[in-house]
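Participant: when you get a sec, could you give me coordinates for this:
(one chain, ligands or ions: 1)
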Amino acid sequence: MHLSQRVLKARVSGTIRLAEMARERAASGVTVHDLAEGEPDFDTPRHITEAAHRAALSGRTRYTSVAGTQELRDAVAEKFRRDNGLKCTADTVIVGTGAKQLIFNALLASMNGGDEAIIPAPYWVSYPDMVMIADGLPKVVDCSETGFKITPDALLAAITPRTRWLILNSPCNPSGAVYSADELAALAAVLREAPDVAIMCDDIYEKILFTGAPFATMAEVAPDLAARVLTVNGVSKSHAMTGWRIGFATGPKGFIDAMAKLQGQSTTNASSVSQAAALAALTGPQDQVEDWRRAYQRRRDKVMAAIRTMPGLQARAPDGAFYVLIGCGAVIGKARPDGTVIETDIALSEYLLETAGVALVPGTEFGIPCHLRLCFAKSGKEVLLACAEMGKALAALS
Ligand SMILES: Cc1ncc(COP(=O)(O)O)c(C=O)c1O
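Facilitator: Prediction:
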């Protein structure tokens, strides 16, 4: 069969590839500490699973409206009003099969050949490939010297007449960087002068924040720009529901309708039973969300202490999400016990998987070579065990 240029351009997600390598090793009986895949280790709260069970037993097993059930869209609109101060109603909300599918839909609904999307690096692995699949050009802006965040000057320099999107992700996967309200306001000042640029805010890690300051998103900070902001969120990370595949987005009605048009010709609607579960997640008790946030913060502190003791590694403590981006430049160029020189972060991640049984994702996948991403959404004990094994493997390098 012939393959399209579109699919030939795209890479397999590096995170998924690493997680599969780790799974294969685990299946062959080797102990593997999988700190590669980014998902909560907590179980979906019971009241959510029970709501899904009830929905399935009571026959809510049919197609729903393309953009999602009315009850869920109402609950999402309420979430955006309550948590984010957005002026949002159900008719400006779309529910999809995860935030990922909605981002993909949004890019497909808006980009023509050669249009550009500005992506601050380090970035979530999927953005550049999604942009390319949508026939666009990812315009990656290196933010490694500016706290892993794009500055107003760097944004201004990256905007061209072909720029269609700025993709912001805060808290960021993989860096854990968080944009403050003031930082967003400074970016908004640049964007006001660039009326053709839309802003995608991927807020999927909103609830995993360690700054102590309230979460900020562009449409709230700069309501005058809301007509060109797409705010994307979901229950995957906040409610430990990655497998249920429910995300949601809000933006200008015309654009949400365009996304729904694409969805109507592709997935039709997100799973009806999962939508019932997401409704329970948004409208039920929220105490677990805060308990988990605290647990992640404790794990972050433990993992940071462990990293500081490891030879050749350095990292800044993430302000949100559940990843640490570890600089490993001092290790690159060292030799493994078998004499092979470790020339890249990819080679280092392979060495750590083979020798220490620890799966981490190389920074190259996120547009930041000489780094490794560690996911600490695992029990504190497992993360510390993995760090101990890593420490031994690193000490064996010369
Ligand atoms: C930054 C970012 N956006 C979106 C997603 C996808 O979320 P969902 O599970 O809702 O598709 C992820 C998942 O890892 C992510 O890290």
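Participant: chain center to the helix ranked longest in the chain, what's the gap?
Facilitator: Assignment by DSSP state H gives helix 287-308 as the longest helix of the chain. Helix 287-308 sits 18 Å away from the centroid of its parent chain (C-alpha atoms, centre = their mean, to the nearest Å).
Participant: same question for stretch 361-368.
Facilitator: Distance, centroid of stretch 361-368 to centroid of chain: 14 Å (C-alpha atoms, centre = their mean).
Participant: and that stretch, how far apart are its ends?
Facilitator: 11 Å (C-alpha to C-alpha, to the nearest Å).
Participant: touching it from outside, list them.
Facilitator: Applying C-beta atoms under 8 Å, 6 or more residues apart in numbering, the set of residues contacting stretch 361-368 from outside is 13-15, 18, 36, 119, 121-125, 128, 140, 142, 144, 174-175, 325, 328, 344-346, 348-349, 369-373. Every C-beta, even on glycine, is put in place using the N, C-alpha and C of the backbone.
Participant: considering only those, which also neighbour the ligand?
Facilitator: Near the ligand, taking C-beta under 6 Å from any ligand atom as the test, the members of the contacts of stretch 361-368 found are residue 124.
Participant: inside strands: which ones of the contacts of stretch 361-368?
Facilitator: Among the contacts of stretch 361-368, the residues falling in strands (DSSP state E) are 119, 121, 140, 142, 325, 371, 372, 373.
Participant: buried only: go through the contacts of stretch 361-368 for me.
Facilitator: Buried subset of those (neighbour count, 16 or more other C-beta atoms under 10 Å): 13-15, 18, 36, 119, 121-125, 128, 140, 144, 174-175, 325, 328, 345-346, 348-349, 369-373.
Participant: mind listing what's buried in stretch 33-51?
Facilitator: 33-41, 44-45, 48, 51.
Participant: off-centre distance for it?
Facilitator: 16 Å.
Participant: for that stretch, how far is the first residue from the last?
Facilitator: 33 Å.
Participant: cool, stretch 162-173 as well?
Facilitator: Note: stretch 162-173 ends 26 Å apart using C-alpha to C-alpha.
Participant: so residue 139 versus residue 328, what's the distance?
Facilitator: For residue 139, the distance to residue 328 equals 27 Å [C-beta to C-beta, to the nearest Å].
Participant: could I get the full set of strands for the chain?
Facilitator: Under DSSP E, the chain gives strands at 33-34, 93-96, 116-121, 137-142, 163-169, 198-202, 229-234, 247-250, 314-315, 323-327, 358-359, 361-362, 371-375.
Participant: which of these sits closest to residue 261?
Facilitator: strand 93-96 (10.5 Å; C-beta to C-beta).
Participant: got the residues of the stretch 1-150 of the chain near the ligand?
Facilitator: Checking the stretch 1-150 of the chain against the ligand by C-beta under 6 Å from any ligand atom, the hits are 38, 98, 99, 100, 124.
Participant: surely the first one is in contact with residue 176?
Facilitator: Right, the one you point to is residue 38. No. If you go by C-beta atoms under 8 Å, residue 38 and residue 176 don't touch, sitting 11.5 Å apart.
Participant: and for the two, which residues touch both?
Facilitator: With C-beta under 8 Å, 6+ apart, residue 38 and residue 176 have common neighbours residue 323.
Participant: what segments of the stretch 151-300 of the chain are helices?
Facilitator: Assigned by DSSP state H, counting those that start in this stretch, the stretch 151-300 of the chain shows helices spanning 152-158, 181-192, 218-221, 253-264, 272-283, 287-308.
Participant: among the ones you listed, which is nearest the ligand?
Facilitator: The ligand lies closest to helix 272-283 among the helices of the stretch 151-300 of the chain, at 10.4 Å (C-beta to the nearest ligand atom).
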